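A.B. asks: Any chance you could fold what I've pasted below:
(2 chains)
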Protein chains: 2
Amino acid sequence: MHRNDGFRELDRPECLRLLALVPLGRVVYTENALPAVLPVNFFLDHDDAVVVYTSALSRLARAVEGSVVAFEADSFDAAARTGWSVVVTGRAAQVSDPAEAARLGRSGPPSWAPVEDGVFLRIEPELVTGRMLQGVRAGAGHPAAT
Amino acid sequence: MHRNDGFRELDRPECLRLLALVPLGRVVYTENALPAVLPVNFFLDHDDAVVVYTSALSRLARAVEGSVVAFEADSFDAAARTGWSVVVTGRAAQVSDPAEAARLGRSGPPSWAPVEDGVFLRIEPELVTGRMLQGVRAGAGHPAAT
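C.D. replies: Below you'll find the model as predicted:
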C-alpha cells in the first residue's frame, strides 16, 4: 500500500536494531476514550519488550495497565528528508515482581526525570512494524497551488 | 500532578510557538480498535489547526476522517535531558473545498514524500497541552539496583 511513496517497509530485526539506537519514544494509548501520547525514555529488554520507568501514580501507569498500547520511536533528517519510524504494539503491564524490577534496574539507563514510587512498565513486542523514508526528490509533495 | 518530576506545564501560546519550530509530528489515532501512530510533516494554519498532506487513499486519511485524534510533536536533548512536547487534540477532517485546498497548497511546505491523490487533513486545535522537561540532576531516575 506504500508503492511509489518513498517509504520502504522494515522487517522486525531492522526495527529492533533501530529502536536500540534512540533513547526516547512515545507511548500511545487511550485515556478517557481519547487518544493520548506521552514521550518517555526507554530501553529494550532482552526479549525486545519496551521498558519504561514511571511513577506508579502517574496518569500513564494508571491508563495503560493491562491495555494494548503502541510505542513509537523515530529519527528523521528534515534537510535530507530521510529517516525511519518504528511502532511496537502490545500489552502494557507493570512489573510487580521485586526480583524482576531489580533486574530491570540494573539493565537500563535511569529515567530522565525524577520518579516517585517508580515502577517499570513493559510493553510486549507483539507486533513490530517500521518504515524508512528514503531520500525523495525536491518538490515531491503537494505542488504549490497553481 | 507533576510536582517534583522535573516538568513544567506549558500554556497554549507557548505550545503553539514551539510547534511552529519543528517540521515533524505524529498523528495518534485508532485503527481497527488498536492505538496507531504515524509520523508526518506538518504546518500550522492561521487558526492554529495542524495541517497534514497525505494521500486520500492512505490508511491514515481513511482512519481519522471525522474522528478526534491527537497530534504530538517534541524536541529533546538527550545529553542535557531537556526538551518539550506538545499535544494537540481535536477532530480531524479532510479539506474538501478546492479553494481552501489551494490556499493550503500555498501556505505550507510540501510533503516530504510523494503523494498521489493528495488531500489536506486539518486537525482542529481544540485542546493544546504541553510540558517542558527542565534539566534534571544526574541519577534522578530509578537507582541502579543495589
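
A.B. asks: Can you show me the CA trace of the longest strand along chain A as CSV?
C.D. replies: With DSSP state E applied, the strand covering the greatest number of residues in chain A is identified as strand A:82-94. The C-alpha coordinates for strand A:82-94 follow below in CSV (Å, rounded to 0.1, in the frame of the first residue of the first chain):
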residue,chain,number,x,y,z
THR,A,82,15.2,10.7,5.2
GLY,A,83,14.6,8.8,8.4
TRP,A,84,12.7,5.9,9.9
SER,A,85,9.9,5.2,12.4
VAL,A,86,9.2,2.0,14.3
VAL,A,87,6.0,1.1,16.1
VAL,A,88,5.7,-1.7,18.7
THR,A,89,2.2,-2.7,19.6
GLY,A,90,1.4,-4.9,22.5
ARG,A,91,0.0,-5.2,26.0
ALA,A,92,1.5,-3.0,28.7
ALA,A,93,1.9,-4.1,32.3
GLN,A,94,3.7,-3.0,35.4
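
A.B. asks: ranges for the helices of chain A?
C.D. replies: According to DSSP state H, chain A carries its helices in the segments A:12-19, A:59-64, A:98-107.

A.B. asks: And those helices: which comes nearest A:Ala79?
C.D. replies: Each of the helices of chain A has some distance to A:Ala79 by Cβ to Cβ; the shortest is helix A:12-19, at 19.6 Å. Glycine gets a C-beta too; all of them are placed from N, C-alpha and C.

A.B. asks: Pull out the buried positions in that closest one.
C.D. replies: For helix A:12-19, burial by neighbour count (16 or more other Cβ atoms under 10 Å in any protein chain shown) applies to A:Glu14, A:Cys15, A:Leu16, A:Leu18, A:Leu19.

A.B. asks: anything in that helix near chain B?
C.D. replies: No - among the residues of helix A:12-19, none lie within reach of chain B under Cβ under 8 Å from any Cβ of the partner chain; the closest is 13.1 Å away.

A.B. asks: Let me know the angle separating that helix from strand A:82-94.
C.D. replies: Interaxial angle of helix A:12-19 relative to strand A:82-94 (axes from the mean of the first three to the mean of the last three Cα atoms, to 10 degrees): 90 degrees.

A.B. asks: Residues in contact with helix A:12-19: which ones?
C.D. replies: With contacts defined as Cβ atoms under 8 Å, 6 or more residues apart in numbering or on different chains, helix A:12-19 is touched by A:10, A:25, A:44, A:48, A:50, A:73, A:75, A:84, A:86, A:88, A:125, A:128-130.

A.B. asks: Quick one: mean pLDDT over that helix.
C.D. replies: Regarding helix A:12-19, the rounded mean pLDDT is 98.

A.B. asks: for stretch A:51-68, same thing?
C.D. replies: 94.

A.B. asks: circling back to that earlier point, using JSON lines, lay out the helices of chain A together with distance to A:Val40.
C.D. replies: JSON lines is the format used below for the helices of chain A (distance: least, Cβ to Cβ, whole Å):
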{"stretch": "helix A:12-19", "distance to A:Val40": "13"}
{"stretch": "helix A:59-64", "distance to A:Val40": "8"}
{"stretch": "helix A:98-107", "distance to A:Val40": "14"}
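
A.B. asks: Which among the ones you listed is found nearest to A:Ala80?
C.D. replies: With distances scored as Cβ to Cβ, the stretch of the helices of chain A nearest to A:Ala80 is helix A:12-19 (16.4 Å).

A.B. asks: contacting residues for A:Asn32?
C.D. replies: Under the criterion of Cβ under 8 Å, 6+ apart, the contact list for A:Asn32 is empty.
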